[in-house]
Each structure stands twice: as C-alpha cells, then as structure tokens.
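Enquirer: structural data only, the sequence is not supplied:
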Ligand SMILES: [Zn+2]
C-alpha cells in the first residue's frame, strides 16, 4: 500500500514546516488522476499522525477531477480514471490537471 509512504511524507513535511504543538486541521488536494486513494490516506493518516502534533487533526481531502485535452480531436473533458482515454478512442490526451498531490491548508490550534 503506497499510501502509507505518501501519508508519512505528508505528515513529515507538515511537522517539519509547522512548529506548533497542535495542528487541528490539514487539507490536502489529491487529484483523481494521482493514483492515490483518499480513503487509504485517511486510514494511514490516523496511524501516522498518532502521537504527533497532528494527532486528532481533521483531515479534509479535496479531489480535483482530471482534465485534459485530446491531441487527436481537440476535445476537452474531465476524467476520473488514471488511465486517460478520450471518448474518440485516443489515448493521446494532454492532462492539464488531476494529478495534484499537495498540502493546501494547515490550521493550528
Ligand atoms: Zn479525442
């Protein structure tokens, strides 16, 4: 489960950057094309955050849809699947968003 490593990295990054004794909320952006499963991150977060300043923090996850433009037909559409395929059948799609994996907000208490 690679979400455990990802969640650990996120928690480490937050704890490195924020020196408050208590963090009450963490907001993440996990694009639908990132290949990261938000529910797994939620599950891992409780494990990884336990005993740190993030223990008990609320985890909000925003999931931007995948968006891209097909190079074959010019169609712009939204994708929910990491395997991007245009309705015209082409896989030659330039992905413009949906691969985000970042921390967007941290609230300290
Ligand atoms: Zn197309």
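Expert: Okay, I see it. Please read these numbers as outputs of a predicted model, since none were measured by experiment. Numbering: from 1, shown residues only.
Enquirer: find the helix or strand that residue 103 is a member of.
Expert: Assigned by DSSP states H and E, residue 103 belongs to strand 101-108.
Enquirer: list the contacts of that strand.
Expert: Strand 101-108 is contacted by residues 6, 10, 13-14, 17-18, 20, 22-31, 34, 36, 60, 62 when judged by CB atoms under 8 Å, 6 or more residues apart in numbering. No exception for glycine: its C-beta is placed from N, CA and C like everyone else's.
Enquirer: pull the longest helix from the chain.
Expert: helix 2-17 (DSSP state H).
Enquirer: output the contacting helices and strands for that one.
Expert: Helix 2-17 is packed against strand 23-30, helix 38-49, strand 101-108, with contacts defined by 3 or more CB pairs under 8 Å, 6 or more residues apart in numbering; DSSP states H and E.
Enquirer: how about it: buried residues?
Expert: 3, 6, 7, 10, 11, 14 (16 or more other CB atoms under 10 Å).
Enquirer: and the residue nearest to the third one when sequence neighbours are not counted, what does it touch?
Expert: Pointing back at residue 7 there. Closest residue in space to residue 7, ignoring its immediate chain neighbours: residue 44 at 3.9 Å, by CB to CB, 6 or more residues apart in numbering. The neighbourhood of residue 44, defined by CB under 8 Å, 6+ apart, consists of 1, 3, 4, 6, 7, 8.
Enquirer: mind redoing it with 6 Å?
Expert: Taking CB atoms under 6 Å, 6 or more residues apart in numbering as the criterion, residue 44 is in contact with 3, 4, 7.
Enquirer: ok, and of those, which contact the ion?
Expert: Of the residues in the contacts of residue 44, proximity to the ion by CB under 5 Å from the ion holds for none.
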